[in-house]
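Chemist: fold the stuff below for me.
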Amino acid sequence: MEEPTRTLPAWTYTSAEFYAAERERIFRRSWLVLGHVSQVAGPGDYVSMVVAGEPLMAIRGDDGELRAFSNVCRHRASRVVDGAGNCGKALRCPYHGWTYGLDGRLLAVPEKTGFPGFDRSANGLWELHCEVAAGFVFVSMADEPEPLDQYLGDAFFERLAPYRPERLVLTQTGHERLEYNWKVSIDNYLEGYHIPVGHPSLLRLLDYRNYLVETTDTKVSVARSPIRDKASKVWRERLYQRTVRPMPGLPEDASESWSYIFAFPGMTWNLYPDQIDIWSNYPIDHRSTATHWQALRAPENSSFRDRAARRLNVRLNQLVQDEDVELCLRVQDGLGSHLYQAGVIGARENGLKHFHDLIRAAIPAAEIDHQPEGLSALRDLEAAMR
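Modeler: The predicted model follows:
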């Protein structure tokens, strides 16, 4: 009899040692999205984020180049900037005033005579790899990262292309701290199997029978569901169905569906007829996750009707997010049980399998059922598995 497909073992969601391996082998070697290109349009514009303990930034230089740096001052490790904004002509650390150029060079050190033998030219911000793809800013800490277009693959660009994301306008941003492992959040995102029980509103809006997830041989998977023709019995949902107006130029299939793109390790794009939401789910530690989101619309979709539809969209999806938080908290509690070692993956959870396979490829110790005692034991086990 065929054996069922198993999930990652429970200990990989609760182990501080496994999280340390994730930081090293996943987040320091992957491409990570920081924001939209509209946020870094002019000199001094920057976006920043802390990803798995690594403060990162991307900034537009005076020469028009977009660069990425470790957002860590070389003096005493303070974060240099927060969030997104414009720093003017230079980056000034808020702790002691060390000042860096938009190209990362260390320009000024207060009381520099107090640092004999210090080489200012060798102490600029650490530069990282930075690229823009489909209108979004990506950063990688890897020494030699995989080319970004190969990392994302054709499905990513083909699915986003009709929305012309590079020209979209940022309308809202937000962030939350979630008290569960980052993989719990991604597991939940990658399957629609829980919609009939967990999301009554989505079940009324989407054609669940045709909710399909397509995996690829890259770091990306794509889900899509048609929007129901039948008017919802709930007034807010019915009003959204009546008022939503697709972005100009969207083909029929995009105008009549909601799609979801996942890019490893923790990046998601929600594609609606009227807007795009981008979410990043990056770990704070082994027990908590930072989720950052941005909503983008077409410049033409600015009428009262369009604004009303977007407000309804946000309200509807905030309800879904609240439901998901409750569901994920329940899962995190269950993962701590000494009885639960691993679960099973059904046919509707193929996106989940794709994600777990990527984790196992990065950290082979994720194959074993029991938790190694410490990071050194984890490494010894992996060496024995080779």
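Chemist: do you know how far the nearest residue to Pro251 once chain neighbours are set aside is from Thr218?
Modeler: Among residues not flanking Pro251 along the chain, Pro162 sits closest, at 5.6 Å (C-beta to C-beta, 6 or more residues apart in numbering). For the C-beta atoms, the positions are set from N, CA and C on the backbone; glycine is no exception. For Pro162, the distance to Thr218 equals 20 Å [C-beta to C-beta, to the nearest Å].
Chemist: which one's more surrounded, those two?
Modeler: Thr218 (19 against 16; other C-beta atoms under 10 Å).
Chemist: wait, what's in contact with that one?
Modeler: Taking C-beta atoms under 8 Å, 6 or more residues apart in numbering, we find Thr218 in contact with 150-153, 155-156.
Chemist: hmm, try it at 6 Å
Modeler: Thr218 makes contacts with Gly153, as judged by C-beta atoms under 6 Å, 6 or more residues apart in numbering.
Chemist: again, but for Leu106
Modeler: Leu106 touches 100, 120, 123-124, counting by C-beta under 6 Å, 6+ apart.
Chemist: check the residues you listed and tell me the two furthest apart.
Modeler: Tyr100 and Arg120 (10.6 Å; C-beta to C-beta).
Chemist: who's more crowded, these two?
Modeler: For Tyr100 versus Arg120, neighbours defined as other C-beta under 10 Å are more numerous around Tyr100 (23 against 15).
Chemist: which helix or strand contains the more buried one?
Modeler: strand 99-101 (DSSP states H and E).
Chemist: the helix or strand that that strand is followed by pairs with which strands?
Modeler: Using DSSP H and E, the next helix or strand after strand 99-101 towards the C-terminus is strand 106-108. Applying DSSP bridges to the sheet, strand 106-108 is found paired with strand 99-101 (antiparallel).
Chemist: contacts for the partner strand next, please.
Modeler: So strand 99-101 is in contact with 90-92, 106-108, 125, going by C-beta under 6 Å, 6+ apart.
Chemist: would you turn these into JSON lines with distance to Arg23 and pLDDT?
Modeler: Output for the contacts of strand 99-101, formatted as JSON lines (distance: C-beta to C-beta, whole Å; pLDDT from 0 to 100):
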{"residue": "Ala90", "distance to Arg23": "30", "pLDDT": "97"}
{"residue": "Leu91", "distance to Arg23": "25", "pLDDT": "98"}
{"residue": "Arg92", "distance to Arg23": "29", "pLDDT": "97"}
{"residue": "Leu106", "distance to Arg23": "27", "pLDDT": "97"}
{"residue": "Leu107", "distance to Arg23": "31", "pLDDT": "97"}
{"residue": "Ala108", "distance to Arg23": "32", "pLDDT": "95"}
{"residue": "Leu125", "distance to Arg23": "20", "pLDDT": "98"}
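Chemist: good, we can wrap up now.
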